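> Attaching a predicted model along with its sequence, questions to come.
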Amino acid sequence: MKHEDIFLKCACKSEFQDKAHKGLRVGTPVNGRRAKDSGQRLTEARCTVCGKTHQV
C-alpha cells in the first residue's frame, strides 16, 4: 500500500482487511481525488467494504 492511502475505523466486517490492517478499513475519497492532488483538505472518505461515508 502507498503512504497516502486512507484508513478508517468502520463497524463492517471483512476477514481480509481485519488481518491485513488490524481492524481498519481502506477508504477512498468521496470526491474521487486525493487531497494531496487537488490541494484541498480531504473531509470525507468511503469505506471500500461497505460503502459507508466517514468524516476524516
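Sure thing, it's come through.
> for the chain, which spans come out with low pLDDT?
Filtered on pLDDT under 70, the chain yields the residue ranges 1-4, 32-39.
> My read is that residue 56 contacts residue 31, right?
No. Between residue 56 and residue 31 there is no contact under CB atoms under 8 Å: 11.7 Å. Every C-beta, even on glycine, is put in place using the N, C-alpha and C of the backbone.
> Now for those two: what residues contact both?
Residues touching both residue 56 and residue 31 by CB atoms under 8 Å, 6 or more residues apart in numbering: residue 44.
> Strands along the chain, start to end?
Assigned by DSSP state E, the strands in the chain fall at 6-8, 25-29, 44-47, 53-55.
> Take those and lay them out in CSV including distance to residue 18 and mean neighbour count.
What follows is these, written out as CSV (distance: least, CB to CB, whole Å; neighbours: other CB atoms under 10 Å):
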stretch, distance to residue 18, mean neighbour count
strand 6-8, 13, 19
strand 25-29, 9, 19
strand 44-47, 13, 19
strand 53-55, 17, 11
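> To residue 16, which of those strands lies closest?
strand 25-29 (10.2 Å; CB to CB).
> Quick check: closest non-adjacent residue to residue 24.
residue 7 (4.3 Å; CB to CB, 6 or more residues apart in numbering).
> wouldn't that neighbour be in contact with residue 23 here?
No. Using CB under 8 Å, residue 7 is not in contact with residue 23, being 9.8 Å away.
> show me the contacts for the residue nearest to residue 8 when sequence neighbours are not counted.
Excluding its sequence neighbours, the residue lying closest to residue 8 (CB to CB, 6+ apart) is residue 27, at 4.4 Å. If a contact means CB under 8 Å, 6+ apart, then residue 27 has 6, 7, 8, 45, 46, 47, 48, 54, 56 as its contacts.
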